[in-house]
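K.L.:
fold the following, please.
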Amino acid sequence: MASSSLTWAKAFLCSSLAFGLAHGQTSVQTSSSQADGLSTHMTTSASATVGTATINGSPTTYSVQFTVPASSDEGPNELPNIYDPQAKNAQLLCPGYTASNVVRNEFGFSATLKLAGKPCNVYGTDIETLSLTVDVQTAHRLAVNIVPAYIGSSNHSEYILPAELVHLPVQGVADAATQNIDLQFSWSNDPTFSFTVLRKSTGDILFTTKDTILVYENQFWEFVTALPENYNLYGMGERIHGFRLGNNFTATFWAADAGDPVDGNIYGNHPFYLDTRYYEQDASGNLTYVANATSSDGNYVSHSHGVYLRNAHGMEAIMNPSNLTWRGIGGAIELYFFDGPTQPEVTKQYLIGAVGLPAMQQYFTFGYHQCRWGYKNWTMMEDVVRTFREFDIPLENIWTDIDYMFQYRDFTNDPNTFSYEQAATFLANLTANHQHYIPIVDSAIYIPNPNNASDNYSVYTNGHEMDVFLKNPDGSEYIGSVWPGYTVYPDWHNGKAFTWWTESMAGWHDKVNFSGIWIDMSEVSSFCVGSCGSGNLSLNPVHPFFSLPGETGAIVFDYPEDFNITNSTEAAAASSSSAAQSASAASANPPSTATTPYYRPSVTPNARNVIDPPYVINNVNGALGVHAVSPNATHVDGTQEYDVHNLFGHQILNATYQALLSIFPGKRPFIIGRSTFAGSGVWAGHWGGDNASKWYYMYFSIPQALNFGLFGIPMFGVDTCGFNGNTDEELCNRWMQLSAFFPFYRNHNVLSANSQEPYVWASVAAATKSAISIRYSLLPYMYTLFYYAHTTGSTVMRALSWEFPNDPSLADADRQFLLGPSLMICPVLAPLATTVGCVFPGVAQGEVWYDWYSQSAMDVQAGENATIDAPLGTFTHPLQRHIPVFVRGGSILPQQEALYTTFESRHSSWSLLAALDMEGSATGTVYIDDGESLYQKSTLMVDLTISENSLYASARGLYPDTNPLANVTVMGVMAEPSSVTLNGKKISNGVAYNSTSKCLKVTGLGSATSAGAWAGDWTLSWA
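P.N.:
Model (predicted):
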């Protein structure tokens, strides 16, 4: 989230609400508002409020900034259907459909679905005739599409999701591989149309609507699929929830500007799920589904499949104990099934064929990022950069929230605090030190006050002249409200909007040498319902209805759980002040005792109500238009926002990607965005939004990251140490260590909260340095993981159940994770803890795990939740602070030196850390390129293999890496070697063997590899 450090003057003026250009428009005008040139259906005159102040003994009058009333962001009191005892049950009231006119083709068939009885019209007008198409698209993907039979220009945007907005899976060829797909489609008209998808190899029913009713209306559809007992579903983003979704949960799909409420719909939408089922296998290979297996030593196998519902409308996925009910308020039922049968295969099938592979990131983006809302000027940022250097904490990227903007306007800098002149000096110094600057860009554009000639803003003027902003139904510009005041919104359906966005961003980059962009508020957010700025521009710039953090009544007093134990005096003072602040607020604005009856929207035959659709989804913000652009805002092609609301964030990432390609020709754009959709990973990464400084949010960061791996957005991280509230030393200590193993590693917090840069506490500084040292040494490994994610669709952060798919006890394991296949992280996620429980999967099958620090094999039992020491430590006891990290046997990890910047690390010597499996073998790969180019002129791929006491290194490719090999460490060497050779030549010096840890170290290899570690193939042997 973003805002400003400035204190706003506020005045609460009388206002009235009117339904005008867009639903719920707030019409608050001064007597001079006629100059706006905009008309409304109802106006209320309000006198400007005048304040007085004494300056140097002289009274002075000034105009006080208008505050948009809180009522402007309130909608009708709607009760979500899932909580409404009066809600109509479509399964009981509707007739379903009957299939006929079946026509086969080389890929599948098409059919007509006719309403099987009297229309029910429960939440809209029943569609009498539907078209069904079933296509085997590839050897692993089956498509099922149900859409109204009659689609024309008048209703096309209501049902058809264009390929230019969201990638459309394409039909493959009808070859032998396609015909051997492990999925089979069956349908029946008994008693009405239903269909089933089976896995041919096992006979397992993966998806079936048997004994349920298909409902399809102009603003509502519903279908139900049966699920096995105690099923395991994953995905269905975006929300703050445990990794395994459970069987009593509703996932709502409606992009919302909401500060990370647990279980609620938040910023993005990914209507995809992974379904994993466990089976007990007998001696004959027969499989029996097991619903509640918790043992890790049984003879189990698992099969996974994926389901993607390509629909951008508001939806709900209701997970009940025995079924999954899908409901939507528009669009087609466009389903894609992926046969797996493992998670890695499902994810690759989904990404490669359905939504696109994730973007490859520049090498510098894997360095550490520091940000906060509240960096007031370039001088403060210089101090932060200098202090990081003084503490020797690696800092790669410094960010700004919207503090830098001139009155919170995109593509501008405040001339007093963030001048372009000082920017040139500051950013030149960063560049010289191989560091980078990333600014925030918001999604709404300030519209100037027409009565103030000095209130010019060329970004708006240029966009207005190009006609690139969303409209009201009457054709006037839609005007909402965000941080700068009344604002307009780019219309990404208009190709000229991409040109305007690129030109605006490029013009700004000429003055501010940024290296990437952070996109915020892209759900898209508005702080009022409807086009509240229409007719009110003479009030601009206006203040939002809420106090900003740090303002009177909004002082930040919140702290992490158990802060009262670790900091009792400070906690008591904060608690007292918080209570006083709450009491003062309650006294000033007593809560209303009146009750507002629920508003239940009704059906209008043959018409849509896009403002308040008859079916009310469980939107965390209430009515669809609350804290968002109104659903009847209109795009240049006539599409209403109701039909594409969930795609604004997706398309602004696309526009920003194209802009950065123009600004940095040939380089990979670096973008972190807030609102995403299926396929957004091809352009950008994502951060977890406005979390809080709480231990439970640190825990939730793990399932968040795992889910975004499923969604094809591996460049994921959260606001480390927490965004909202004050963090404390212990939480920040643990969190800085945990986030060091996330791909995107950034610390960020809210305006006016206590500073939380890692150098604020000595112990956090030391813990951070320790964790970053591991991270930076492993950057070649992480970069290689991203190469494979980008080229094959593999995941970077991994759930234990993905790497060990036949252990049902891992089905909901989300308190530890794997980074790639080779590293396991067991973080401390609770306060006042000095140990952590850690499961070591695969031990029963002979898996070996090595402690990162001692480099010795772990002595653990199968299924054991082993207690691992994890002391918090202090600055004076550096060996007593670490996050438990384990290396999987059979792995070879490439490393380089952990230096201050990724540039320095990339140009340092190589080393290898090998962990032998129980057979004495190990493998690994290293991918090397220039670290920034979108299209590489040359690359290098290094294969590493240990077999029979020899490490073989061979490379292919022409990228010229000249860094030498410094050392090799091999864990799990059971006996001390009598000799070590490199390419047959005995190594006399630099060989050490630890008989306790069973670790062999060979150092001093630089001279033998001075042309580069991979310049020639080599073999290191020991005997």
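
K.L.:
need the pLDDT of residue 262.
P.N.:
Residue 262 is assigned a predicted lDDT (pLDDT) of 97.

K.L.:
so it touches residue 240, yeah?
P.N.:
Yes - between residue 262 and residue 240 there is a contact at 4.8 Å, judged by C-beta atoms under 8 Å. The way it works is simple: take the backbone N, C-alpha and C, and place the C-beta from them, glycine included.

K.L.:
what's the overlap in contacts for these two?
P.N.:
Both residue 262 and residue 240 are contacted by residue 700, under the criterion C-beta atoms under 8 Å, 6 or more residues apart in numbering.

K.L.:
more neighbours: which of the two?
P.N.:
The residue with more neighbours, out of residue 262 and residue 240, is residue 240; 20 against 12, by other C-beta atoms under 10 Å.

K.L.:
name the surrounding residues that touch stretch 354-361.
P.N.:
Against stretch 354-361 from outside (C-beta under 8 Å, 6+ apart): 141, 166-167, 169, 308, 310, 336, 338, 351, 657, 668-670, 678-679, 681-685, 712-715, 743, 786-787, 789-793, 934.

K.L.:
quick one: average confidence on it?
P.N.:
Computed over stretch 354-361, the mean pLDDT rounds to 98.

K.L.:
chain neighbours aside, what residue packs nearest to residue 309?
P.N.:
Among residues not flanking residue 309 along the chain, residue 271 sits closest, at 4.3 Å (C-beta to C-beta, 6 or more residues apart in numbering).

K.L.:
no wait, residue 916
P.N.:
Sequence neighbours aside, residue 972 is the residue nearest to residue 916 in space, at 3.5 Å (criterion: C-beta to C-beta, 6+ apart).

K.L.:
in stretch 104-116, what counts as buried?
P.N.:
107, 108, 110, 111, 112, 113, 115, 116 (16 or more other C-beta atoms under 10 Å).

K.L.:
pLDDT added to the residues you listed, as a markdown table?
P.N.:
As requested, the buried residues of stretch 104-116 are exported to a markdown table (pLDDT from 0 to 100):
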| residue | pLDDT |
| --- | --- |
| 107 | 95 |
| 108 | 96 |
| 110 | 98 |
| 111 | 98 |
| 112 | 98 |
| 113 | 98 |
| 115 | 98 |
| 116 | 98 |
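
K.L.:
any chance of these in JSON lines, plus secondary structure?
P.N.:
Converted to JSON lines, these look like this (DSSP: H, G, I helix; E, B strand; the rest coil):
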{"residue": "107", "secondary structure": "coil"}
{"residue": "108", "secondary structure": "strand"}
{"residue": "110", "secondary structure": "strand"}
{"residue": "111", "secondary structure": "strand"}
{"residue": "112", "secondary structure": "strand"}
{"residue": "113", "secondary structure": "strand"}
{"residue": "115", "secondary structure": "strand"}
{"residue": "116", "secondary structure": "coil"}
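
K.L.:
residue 393: which of these is nearest?
P.N.:
Of all the buried residues of stretch 104-116, residue 393 sits closest to residue 107, with 57.0 Å by C-beta to C-beta.

K.L.:
kindly indicate whether the residue nearest to that closest one when sequence neighbours are not counted is helix, strand or coil.
P.N.:
The shortest distance from residue 107 to any non-neighbouring residue, by C-beta to C-beta, 6+ apart, is to residue 135 (4.3 Å). What three-state DSSP gives for residue 135 is strand.

K.L.:
wait, doesn't the residue nearest to residue 916 sit right on residue 858?
P.N.:
No - in this structure, residue 972 is not within contact of residue 858 by C-beta under 8 Å, at 11.2 Å.

K.L.:
so for the two, which residues contact both of them?
P.N.:
The contact sets of residue 972 and residue 858 overlap at 848, 850 (C-beta under 8 Å, 6+ apart).

K.L.:
more neighbours: those two, which one.
P.N.:
Taking other C-beta under 10 Å, residue 972 and residue 858 do not tie; residue 972 has more neighbours (24 against 17).

K.L.:
let me know the pLDDT of that one.
P.N.:
98.

K.L.:
hang on, the earlier thing: distance of the residue nearest to residue 916 from residue 1001?
P.N.:
Per C-beta to C-beta, to the nearest Å, residue 972 is found 13 Å from residue 1001.

K.L.:
so how far is residue 675 from residue 710?
P.N.:
In this view, residue 710 and residue 675 are 18 Å apart by C-beta to C-beta.

K.L.:
no, scratch that, I was asking about residue 200
P.N.:
Relative to residue 675, and taking C-beta to C-beta, residue 200 is found at 39 Å.

K.L.:
more crowded one of these two?
P.N.:
residue 675 (32 against 12).

K.L.:
okay, and the closest residue in space to the more buried one that isn't next to it in sequence sits in which element?
P.N.:
Take residue 675 and drop its neighbours on the chain: the residue closest to it by C-beta to C-beta, 6+ apart is residue 649, 2.4 Å away. Residue 649 is part of helix 648-663 when elements are defined by DSSP states H and E.

K.L.:
packing partners of that helix?
P.N.:
helix 495-509, strand 517-519, strand 671-673 (3 or more C-beta pairs under 8 Å, 6 or more residues apart in numbering; DSSP states H and E).

K.L.:
please identify the most buried of those.
P.N.:
Highest mean neighbour count of these: strand 671-673, a mean of 26 (counted as mean count of other C-beta atoms under 10 Å).

K.L.:
which elements pack onto that one?
P.N.:
Against strand 671-673 (3+ C-beta pairs under 8 Å, 6+ apart) you get strand 517-519, helix 648-663, strand 685-687.

K.L.:
redo those as TSV? Include distance to residue 772.
P.N.:
What follows is the helices and strands packed on strand 671-673, written out as TSV (distance: least, C-beta to C-beta, whole Å):
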stretch	distance to residue 772
strand 517-519	21
helix 648-663	27
strand 685-687	18
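
K.L.:
check the ones you listed for me and report the most buried one.
P.N.:
strand 685-687 (a mean of 28).

K.L.:
name every strand pairing with that one and say which way it goes.
P.N.:
strand 671-673 (parallel), strand 716-717 (parallel) (DSSP bridges).

K.L.:
can you give me the strands for the stretch 51-200 of the chain?
P.N.:
Along the stretch 51-200 of the chain, counting by DSSP state E, counting those that start in this stretch, strands occupy 58-63, 97-104, 108-115, 129-136, 141-148, 183-188, 194-199.

K.L.:
how about residue 404: what's its closest non-neighbour residue?
P.N.:
The nearest residue in space to residue 404 (C-beta to C-beta, 6+ apart) is residue 418, at 4.1 Å.
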